[in-house]
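Visitor: have a look; sequence and predicted model below, questions after that.
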Amino acid sequence: TDVTMFAGVGDWTTFISQTDVRDLILFNDHIWCATNGGVFSYQITTGNYQQYNNTNGLTSLDARTIEVDKQGNIWIGFGDGWINRFNPATNEWQIIQDYRGRKIYDLEAVGDSMLIALDIGISLYDVQRQEVKETYKRLGWQLTGEIAVLDILIVNREIWAATGSGIARSSFDLANLMAPESWINYSTLQGLPSNTINTLEFHNGTIYAGTESGVAVLQGQNWSAINSSLPYLDIMKLISKNNTLYAVTVGYVSRWIAEENLWQNVAPFLRPLTSLAIADNGD
């Protein structure tokens, strides 16, 4: 016998896998994770999980990057250009749709603004006015046309951008960041082991680049590779914490031992890794 069942509006529940974590942050005893199926938070002290998807706050599911601003709001960037902002104190969501149709790779809070890494460059979003201030699509003469920015690093007033064709560098002190002459570019011509830059980090007064062919450190205007004892060369993430530089590769977290000029694994092989956060206590 065929049985037809109808569900009314509001009767649906979404069950989605959130096992593919693309990015994570630590904030106020919570780990916030951007995943293939939305966002979840994990409270470290209690072990409680809270899941968010397109039925309880999110406008999309393909969460790619997650960031916290100075007010404690959680920002989520999606692969289809949506941005959602969550206020944990009020449990309220805000939708930002200025970048719909674009791809968002990274979010970086700076003052009262949010820098957004897009598939066409970097956009400056004014948080208070809730509007796009300007978008930088020409990041130097060596980077032809609009280019995807994979990671953004802010060091004091400087902006560093990782792309698939090298690194772009500029400063908020310059008058016109939309002009290509406002940007300095670095590539393999300046010593980078690859032009595919996945991650950038500031550590002990200088810049480190994680590429698909290892790690490089900026010395003056040139880069030097530091890959001794790295188990894999494709670098997913670099993080500086507690005076130590960490690198995430496929299956390993490694720390840089400057005195010995080599990398040391902090644990045995793990399943394929994508991201890393380090607590103040070293966890």
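Guide: Now that the structure is in, tell me what you want to look at. On a predicted model such as this, the values are computed, not experimentally measured, just so you know.

Visitor: E67 touches L24, doesn't it?
Guide: No. Counting by CB atoms under 8 Å, L24 is not a contact partner of E67; they are 10.9 Å apart. Yep, even glycine has a C-beta here, placed from its N, CA and C like the rest.

Visitor: which one of these two has more residues nearby?
Guide: The neighbour comparison of E67 against L24 (other CB atoms under 10 Å) goes to E67, with 24 against 19.

Visitor: element containing the more buried one?
Guide: Using DSSP states H and E, E67 falls within strand 63-68.

Visitor: that strand pairs with which strands, and in what direction?
Guide: Strand pairing for strand 63-68, using DSSP bridges, gives strand 74-78 (antiparallel).

Visitor: tell me what angle whatever helix or strand comes next after the strand it pairs with forms with strand 63-68.
Guide: Going down the chain from strand 74-78, the next helix or strand is strand 83-87, by DSSP H and E. On the basis of axes from the mean of the first three to the mean of the last three CA atoms, to 10 degrees, strand 83-87 is oriented at 40 degrees to strand 63-68.

Visitor: so how far is strand 83-87 from its chain's centroid?
Guide: Its chain's C-alpha centre and that of strand 83-87 lie 16 Å apart, by CA atoms, centre = their mean, to the nearest Å.

Visitor: my guess is D29 meets T45, correct?
Guide: Yes. Between D29 and T45 there is a contact at 5.6 Å, judged by CB under 8 Å.

Visitor: the more surrounded of these two?
Guide: D29 (12 against 7).

Visitor: which residues touch that one?
Guide: Shown in contact with D29 (CB atoms under 8 Å, 6 or more residues apart in numbering): 43-45.

Visitor: among these, which lie within helices?
Guide: Among these, no member falls in helices (DSSP state H).

Visitor: neighbours around the nearest residue to D173 once chain neighbours are set aside, how many?
Guide: In space, and not counting its chain neighbours, D173 is closest to R157: 5.4 Å by CB to CB, 6 or more residues apart in numbering. Each residue near R157 was counted by other CB under 10 Å, and the total is 11.

Visitor: ok, R157 touching L174?
Guide: No. The pair R157 / L174 is not scored as a contact, 9.4 Å apart, by CB under 8 Å.

Visitor: show residues contacting the strand holding E67.
Guide: Strand 63-68 has contacts (CB under 8 Å, 6+ apart) with 22-25, 27, 32-36, 38-39, 74-79, 103-109, 114, 117.

Visitor: how about stretch 165-178: buried residues?
Guide: Using 16 or more other CB atoms under 10 Å as the burial criterion, the residues of stretch 165-178 that qualify are 165-170, 177.

Visitor: of the residues you listed, closest to Y186?
Guide: Nearest to Y186 among the buried residues of stretch 165-178 is I167, at 4.3 Å by CB to CB.

Visitor: what about that closest one, which helix or strand?
Guide: Secondary structure from DSSP H and E places I167 in strand 166-171.

Visitor: pLDDT (mean, whole number) over whatever helix or strand C33 lives in?
Guide: Assigned by DSSP H and E, C33 falls within strand 30-35. Per-residue pLDDT over strand 30-35 has a mean of 94.
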